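Undergrad: have a look; sequence and predicted model below, questions after that.
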Amino acid sequence: MKKTICEKVYDTEKAAVVKKLTFGKFGDPDGYEKTLYYQTDIEKYFVYTNGGENSPYPEENIKRISEDIAK
């Protein structure tokens with residue numbers, strides 16, 4: 001997934017996974033995943049979220065975060 005935030009392109013294909021958390025099983029309407037990424041070309045951290053229709057993250061999204069929060 002790609003998303004442009006403040007003129008920077010955050011891309012899960014170009015970034016390295018730092019940590020991944022999965023809640024529930026695949027197909028579970030309450031399940032979801034949160035993945036922390038670091039993208040070297042823009043030197044930024046971001047979180048990718050996606051989940052089932054009843055989860056806190058029913059749609060794919062990317063949210064940038066600070067280095068302090070990432071650590």
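TA: In hand now; what should we look at? Numbers count the residues shown, from 1 in each chain.
Undergrad: in terms of pLDDT, where does Asp25 sit?
TA: Asp isn't right for residue 25; it's Lys. Confidence at Lys25, expressed as pLDDT, is 87.
Undergrad: could you tell me how many residues sit around the residue nearest to Pro29 when sequence neighbours are not counted?
TA: Excluding the flanking residues, the one nearest Pro29 by C-beta to C-beta, 6 or more residues apart in numbering is Gly52, at 3.9 Å. Glycine gets a C-beta too; all of them are placed from N, C-alpha and C. Counted with other C-beta atoms under 10 Å, residues neighbouring Gly52 total 18.
Undergrad: check the one 10 residues further on too.
TA: A count of nearby residues for Ile62, using other C-beta under 10 Å, gives 20.
Undergrad: ok, now how distant is the closest residue to Gly27 other than its chain neighbours from Asp30?
TA: Spatial nearest neighbour of Gly27, chain neighbours left out: Gly52 (7.5 Å); criterion: C-beta to C-beta, 6+ apart. Distance of Gly52 to Asp30, computed by C-beta to C-beta, to the nearest Å: 6 Å.
Undergrad: so what sits against both of those two?
TA: Gly24 (C-beta atoms under 8 Å, 6 or more residues apart in numbering).
Undergrad: right, I'll leave it there.
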